[in-house]
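Q: Pasting the sequence and the predicted coordinates here, then a few questions.
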Amino acid sequence: MLTLTLAAALMQAPAPPPSFDYDRTRPIDVRSASADVRVRQVTYLQLDGTRTGATLVDSALRPAAPRPAILFLHWYEPPRPTSNRTEFLAEAVELAPAGVLSLLIDTPWSAESWFPKRDAAKDYEFSIQMAKDVRRALDVLLEQPGIDPRRVAIVGHDFGAMWGALAGAVDRRVTHLVYMAGTRSFTDWYLFTPKKEGAERDAFVARLAPLDPIAHLARFSPRPVLLQFGTKDPFVKNEAAAAMGDAVTGPKTIKTYDFEHELTYQARLDRIAWLKEQFKVQ
């Protein structure tokens, strides 16, 4: 009976409160993981004489050997905070210690209001000029010292992918391309607004057809291409993604992710791994 009473008392005794104390005398030893990375905010002259902003990211410990370079072209997804040149900043910083120099640029679609406020009557002319502006950004990138001309990539997402394909197809300075969640034709998205119907729509599609990214992807061969798509992307359907993959006849890697237009963190890891493998860096 005494044993049962003691057991009952022990069961009713309150548990000691949790303690969150710790040894505050232990050294913290903070170390910078990016002490060898340099991030510079710059501007440069566009072809029309205006200045545009950009970010250059490279190693502060500039390697002696010629180094690879990447032009990053961001997506258009307002009001996301990454709908501008900061989208790829973390990737550029991660690649810098491997000797990779990156240029991240402002674009017209860095402005949240760009798409609804654009002059749709000039979509054709704008699209051509934008491809030229991407090539101008390549001028800026390749003007940096020590660039290896055999390792120059464009990485683009959404509109960035599409104009990257146009510029890369005609500019042989580009040796590698990463095409992320771009669609087949600019008209696929331009026709969201303003709407066009009937003969007007047909004429608009026909006029922009020579600028279709899917055709320019085909012209990028035999240079290597990485294509990344989301299987739940509302803007790039699976059949469109498959068609763009089929259009690339040269070396290609196609990755799909069970996600939407933004893609996933795994897509980022795959992108970095592919670029390092292609550039032969660690």
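A: Alright, I've got the coordinates.
Q: I'd say residue 256 and residue 245 touch.
A: No. Residue 256 is not in contact with residue 245 according to C-beta atoms under 8 Å; the separation is 9.2 Å. The C-beta positions use only the backbone N, C-alpha and C, and glycine is treated the same way.
Q: ok, and for the one helix or strand residue 154 maps to, which residues are buried?
A: Residue 154 is located in strand 147-157, with elements delineated by DSSP states H and E. Within strand 147-157, the residues that qualify as buried are 147, 151-157, counting by 16 or more other C-beta atoms under 10 Å.
Q: Please report the distance of residue 241 from residue 262.
A: The gap separating residue 241 from residue 262 is 15 Å, by C-beta to C-beta, to the nearest Å.
Q: of the two, who's got more company?
A: Using other C-beta atoms under 10 Å, the more surrounded residue of residue 241 and residue 262 is residue 241, with 23 against 18.
Q: contacting residues around that one?
A: Neighbour list for residue 241: 227, 229, 233, 256 [criterion: C-beta atoms under 8 Å, 6 or more residues apart in numbering].
Q: who wins for most neighbours among these?
A: residue 229 (26 neighbours).
Q: Show the contacting residues for residue 228.
A: Contacts of residue 228 (C-beta under 8 Å, 6+ apart): 178-181, 255-257, 263, 267, 270-271.
Q: possible to save these as a markdown table with pLDDT?
A: Converted to a markdown table, the contacts of residue 228 look like this (pLDDT from 0 to 100):
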| residue | pLDDT |
| --- | --- |
| 178 | 98 |
| 179 | 98 |
| 180 | 98 |
| 181 | 98 |
| 255 | 98 |
| 256 | 98 |
| 257 | 98 |
| 263 | 97 |
| 267 | 98 |
| 270 | 98 |
| 271 | 98 |
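Q: between those residues, which is nearest residue 209?
A: residue 179 (18.9 Å; C-beta to C-beta).
Q: SS state for that closest one?
A: For residue 179, the secondary structure call by DSSP: H, G, I helix; E, B strand; the rest coil comes out as strand.
Q: Can you tell me how far it is from residue 138?
A: 16 Å.
Q: Could you do residue 200 as well?
A: 35 Å.
Q: and if you look at residue 40?
A: Look at residue 40 and residue 138: by C-beta to C-beta, they are 18 Å apart.
Q: Comparing the two, which shows the higher neighbour count?
A: For residue 40 versus residue 138, neighbours defined as other C-beta under 10 Å are more numerous around residue 138 (20 against 9).
Q: Return, as residue ranges, the portions of the stretch 1-150 of the chain with sub-threshold pLDDT.
A: 1-15, 22, 28-35, 62-64 (pLDDT under 70).
Q: Mind jotting down where the strands sit in it?
A: 37-45, 51-59, 67-73, 101-105, 147-157 (DSSP state E, counting those that start in this stretch).
Q: Output those strands in a markdown table; the columns should cover distance to residue 117.
A: What follows is the strands of the stretch 1-150 of the chain, written out as a markdown table (distance: least, C-beta to C-beta, whole Å):
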| stretch | distance to residue 117 |
| --- | --- |
| strand 37-45 | 23 |
| strand 51-59 | 18 |
| strand 67-73 | 21 |
| strand 101-105 | 20 |
| strand 147-157 | 22 |
